[in-house]
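[1] below are the sequence and a predicted model; questions follow.
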Amino acid sequence: MTAQIGEVLIYEGQENAMCTEPLEDFFEFGGSKPAFEPSCSALWRGYVGTWEIVNNRLYMVGLDGTLTDGTNATLETVFSGYPNRVFAHWYSGTLRIPEGKMLKYLHMGYGSTYERDRFFTIEKGVVIDIQVCQNGVAEEDEALEGYSIKAMTILPKHNREEGNTR
Amino acid sequence: MTYLYWYLGLGAISLAVTIIRAHLRYISASGQANNFIFHANPLLDKLLLALFFVLLLPLWPIILIRSAKQSDPAPPFEEIDPPDDFAVKRDHLLKQWSLAEIETKEMISDPLKAAPELPFGHLNQAWESFKQSMQEGDQLWSFSTPRTRKLAGDEVHNGYVIVHGELIGPYFLTRSMNT
């Protein structure tokens, strides 16, 4: 599986790439899942969600994706009546925010390692712990800062229409 | 010689268009304007791109046809992460609950009013649907069940399950944690 485009987490006013997909738990627990259309091999889930931590609570504040019928998916597509903000009460687990320069690239999922990882431990949508884990220091001065992926295959529309969707 | 110049000239244009098109589609797909194909070292990226361009230039018709066809469909997700036989067993049961106890315990309240004030909040509809499966005499139990999936690895799933005598029936998931 190709390295995946991350979600976005807004924390203390700053946007960060997030290597965790809390919305997938919502779908797994019975939430209605629209038919997202993956546009490329780096985005099998077919959407990018934007999340925010406010007063130690995790909220979903945006969703950008395309459905198989060609229409754009927004937050309200999943959470009818909640177009701007959704409390992620269903999520318990650990959010991973990679920080600093890339140490090692792995072209699979969220497998690459970075200088630091910031972990948010979440219990039913509430932040109960934040820890920063130091993984090392990049040897190359020119190594890219922040989460990135190297390559992907753009999925042609006719392939996507043949039902190869996640 | 003129034909060769034409051939290489057309190739250069075609390859450039192919690369730019793929880059634009990447931006459209990801919302990120950087990091397409590139290595962690920007200077190396430029050299690799130039090398890639020069080496592939004579072969541009093949690249163009391949790019147009994109004939290899991505494998269905079911092949990447096949469904498993997840099931709640008797020794996974933790505690019996009444319906009222669960609905009180799982009531969602948010100061920003970003969730319905209902049991399981945004998942209330799924909960109501789960409740429809209950019959006279059924019990509700919380459970904790280990699960191993190809992509997710080892996990523990928690939730509530309907127990009807010896039968352990439909379940409602509330938590999925990697172990």
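    Nice, I can see it. Given the structure is predicted, the values throughout are model-derived calculations rather than measurements.
[2] below-threshold pLDDT in chain B: ranges please.
    B:22-45, B:48, B:67-84 (pLDDT under 70).
[3] most proximal residue of it with respect to chain A?
    For chain B, the residue closest to chain A is residue B:126, as judged by Cβ to the nearest Cβ, at 2.9 Å. For the C-beta atoms, the positions are set from N, CA and C on the backbone; glycine is no exception.
[4] pretty sure that residue is in a helix, no?
    Yes: judged by DSSP: H, G, I helix; E, B strand; the rest coil, residue B:126 forms part of a helix.
[5] so it sits against residue A:27, correct?
    No: counting by Cβ atoms under 8 Å, residue B:126 sits too far from residue A:27 to count as a contact (10.1 Å).
[6] hmm, residue B:138 and residue B:160 touching each other?
    No: assessed by Cβ under 8 Å, residue B:160 is found out of contact with residue B:138, at 11.4 Å.
[7] show me the contacts for the residue of chain B closest to chain A.
    Contact analysis of residue B:126 by Cβ atoms under 8 Å, 6 or more residues apart in numbering or on different chains lists A:29-31, B:120, B:172.
[8] swap the cut-off to 10 Å and go again
    A:26, A:29-32, A:90, B:120, B:172-173 (Cβ atoms under 10 Å, 6 or more residues apart in numbering or on different chains).
[9] find residues that contact each of residue B:126 and residue A:27.
    Residues within reach of residue B:126 and of residue A:27 at once, by Cβ under 10 Å, 6+ apart, are residue A:90.
[10] between residue B:160 and residue B:138, who's got more neighbours?
    Between residue B:160 and residue B:138, residue B:160 has the larger neighbour count (other Cβ atoms under 10 Å in any protein chain shown), namely 22 against 15.
[11] all helices of chain B, in order?
    B:2-30, B:42-56, B:60-69, B:77-80, B:99-105, B:124-131 (DSSP state H).
[12] deepest in the core, which of the ones you listed is it.
    When you average the neighbours per residue for each of the helices of chain B (mean count of other Cβ atoms under 10 Å in any protein chain shown), helix B:124-131 leads with a mean of 17.
[13] how far does it sit from its chain's centre?
    Here the centre of helix B:124-131 is set off from its chain's centre by 24 Å, with Cα atoms, centre = their mean, to the nearest Å.
[14] in chain A, which residue sits nearest chain B?
    residue A:30 (2.9 Å).
[15] return the set of buried residues in the lengthiest helix in chain A.
    Longest helix in chain A, counting residues (DSSP H): helix A:22-28. By neighbour count on 16 or more other Cβ atoms under 10 Å in any protein chain shown, the buried set for helix A:22-28 is A:22-27.
[16] in its sheet, what does the helix or strand following that helix sit against?
    Using DSSP states H and E, the helix or strand that follows helix A:22-28 in sequence is strand A:47-54. Sheet pairing of strand A:47-54 (DSSP bridges) gives strand A:7-11 (parallel), strand A:57-66 (antiparallel).
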